[in-house]
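Colleague: using only what follows, build the 3D model:
(one chain, ligands or ions: 1)
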Amino acid sequence: MAGKGFTVNKDWDNPKEHSMPAEARVPAEMRLGPVVVAPATVLAPMAGVTDTVFRRFIRHASLFSTGSAASPQNAQSGCGLLMTEFTSADGLSRMRETKRRRYLTFYDDEHPIGAQLFGANAATLADAARIVQESGFDLVDLNLGCPAKRVVGSNGGSGLLRDLPRIGEIFRAVRKAVTIPFTVKFRMGWSRSDIVCVDLARIAEAEGLDGLALHARTREQGYSGQAQWEWIAAVKQAVKIPVIGNGDITTPEAAVAMVSMTGCDGVMVGRAAPSNPWIFRQIAQYTATGRYDRPTVEDRYRMIRAYFQMLLDEAEATKDLPRDARMGETSGKMKQFATWFTHGVVGGAKLRSAIYHVRTGAEVLEQVDEFFTAQLASGVEPVASPEDETAAEFPEALQVCD
Ligand SMILES: Cc1cc2nc3c(=O)[nH]c(=O)nc-3n(C[C@H](O)[C@H](O)[C@H](O)COP(=O)(O)O)c2cc1C
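Modeller: Numbers count the residues shown, from 1 in each chain. Okay, here's the model as predicted:
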């Protein structure tokens with residue numbers, strides 16, 4: 001499937017010792033209005049991925065402690081802010097209460113958490129933002145990056161990048177509607193010949209937004225090529241509100257490099273998180289100590305079992321809801337995650353192909369158990385083969401939005 005979907009390079013399994021200059025760190029905190037994001041790292045919104053189970057999983061996977069006094073009590077999350085999947089403002093204002101639960105459910109341990117909306121109509125977005133505020137979210141975010149035809153076709157997502165006056169109108173309406181912090185996530189522009197990110201950032205600041213996140217690619221680029229971090233630097237220089245950099249952070253080294261290259265106030269990690277749920281913790285550890293730990297086979301096994309258990313618990317907790325209000329099919333989510341998660345694991349390619357052919361959650365579990373039990377019995381921390389190291393791919397079906 002080369003050339004299809006997204007790829008994530010897997011450098012985190014080969015951590016390097018670094019001595020880091022003091023100025024090259026991911027900041028310990030940033031403030032989006034009154035919301036403290038500590039450390040200044042954000043889980044990117046990802047449709048089909050960042051539901052409540054995944055978000056809590058990341059929050060807990062990123063628990064990090066330093067020093068001899070380290071204990072679960074003084075451990076901190078390495079991920080400072082969680083974001084929901086994008087949610088249609090149109091849909092939200094029309095949805096039944098039960099269906100809203102699917103999109104807007106979160107648990108206490110997810111704070112601080114932001115909800116992301118997309119849409120093209122200022123009044124509808126303002127209504128939806130009110131719903132987000134009433135639901136208890138810490139902030140509301142507007143999506144101006146989604147490249148999907150379905151969204152762009154109705155002028156949502158990156159479609160709006162061609163109409164800055166309309167964006168100004170939307171900013172004004174949403175700002176007026178809520179008191180919680182309001183942020184925007186956007187791409188550089190529609191195309192290379194139409195880069196608007198600096199102007200857009202200035203409008204956001206003038207309209208009273210509390211921060212912004214730039215995925216440094218154009219709509220036309222999709223996910224191809226490299227993110228152009230120099231535009232994050234340009235935006236940072238243009239405004240005083242916090243700027244979060246996004247695009248191609250696959251390792252702690254890359255997170256630190258982005259901060260030192262652009263001066264951004266925080267970093268946002270997307271595709272690397274499902275295949276390396278430890279990335280936030282590794283960034284925190286790297287910032288604190290100049291090095292970071294590499295997960296063992298046992299860590300990986302424990303992690304995947306924990307995630308599966310969380311999926312099953314959520315399915316149980318929502319079993320009384322109508323089907324369209326539940327989070328999604330558990331066995332599908334298990335398959336999806338097992339596939340991402342076993343990149344870089346010895347024999348992972350074989351496990352992925354076995355999982356591809358099974359149907360139920362129980363069968364996925366069986367394959368995963370068998371695989372890791374054999375790995376643990378072998379007693380060695382194996383080195384992955386090039387085949388196992390094939391970059392994690394996100395199927396095209398999931399190329400929905402940003
Ligand atoms: C499967 C998938 C779904 C996404 N969904 C959203 C979304 O709902 N909202 C959004 O703003 N960005 C979305 N994005 C884009 C990410 O938030 C992020 O901007 C992009 O992946 C670049 O960051 P990365 O290089 O760290 O992955 C999505 C990306 C992926 C891979």
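
Colleague: quick one: residue 302 from residue 280, how far?
Modeller: Separation of residue 302 from residue 280 (Cβ to Cβ, to the nearest Å): 17 Å. In this view, the C-beta of every residue, glycine as well, is placed from N, C-alpha and C.

Colleague: when these two are compared, which one has more neighbours?
Modeller: residue 280 (30 against 13; other Cβ atoms under 10 Å).

Colleague: three-state assignment of the more buried one?
Modeller: Look at residue 280: counting by DSSP: H, G, I helix; E, B strand; the rest coil, its state is helix.

Colleague: what does stretch 317-329 rub up against?
Modeller: Defining contact as Cβ atoms under 8 Å, 6 or more residues apart in numbering, one finds that stretch 317-329 is touched by 48, 51-53, 96, 98-99, 101-102, 105, 314-315, 333.

Colleague: how about residue 225, secondary structure?
Modeller: When the structure is reduced to helix, strand and coil (three-state DSSP), residue 225 reads as coil.

Colleague: one more: residue 249?
Modeller: Here residue 249 is recorded as coil under three-state DSSP.

Colleague: now list the buried members of the contacts of stretch 317-329.
Modeller: When burial is judged by neighbour count using 16 or more other Cβ atoms under 10 Å, the buried members of the contacts of stretch 317-329 are 48, 51-53, 99, 101-102, 105, 314-315, 333.

Colleague: turn the residues you listed into JSON lines, columns for distance to the ligand.
Modeller: Output for those, formatted as JSON lines (distance: Cβ to the nearest ligand atom, whole Å):
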{"residue": "48", "distance to the ligand": "6"}
{"residue": "51", "distance to the ligand": "11"}
{"residue": "52", "distance to the ligand": "15"}
{"residue": "53", "distance to the ligand": "15"}
{"residue": "99", "distance to the ligand": "17"}
{"residue": "101", "distance to the ligand": "18"}
{"residue": "102", "distance to the ligand": "14"}
{"residue": "105", "distance to the ligand": "16"}
{"residue": "314", "distance to the ligand": "19"}
{"residue": "315", "distance to the ligand": "21"}
{"residue": "333", "distance to the ligand": "13"}
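
Colleague: which of the residues you listed sit farthest apart?
Modeller: Spatially, the most separated pair among those is 99 and 333, at 18.6 Å (Cβ to Cβ).

Colleague: leaving out the residues flanking it, which one is nearest to the residue nearest the centre of the chain?
Modeller: Note on the chain: the residue nearest the mean C-alpha position is residue 44, at 2.5 Å, using Cα atoms, centre = their mean. When the adjacent residues along the chain are set aside, residue 44 lies closest to residue 270, with 3.5 Å between them (Cβ to Cβ, 6 or more residues apart in numbering).

Colleague: that's all I had, so thanks and see you.
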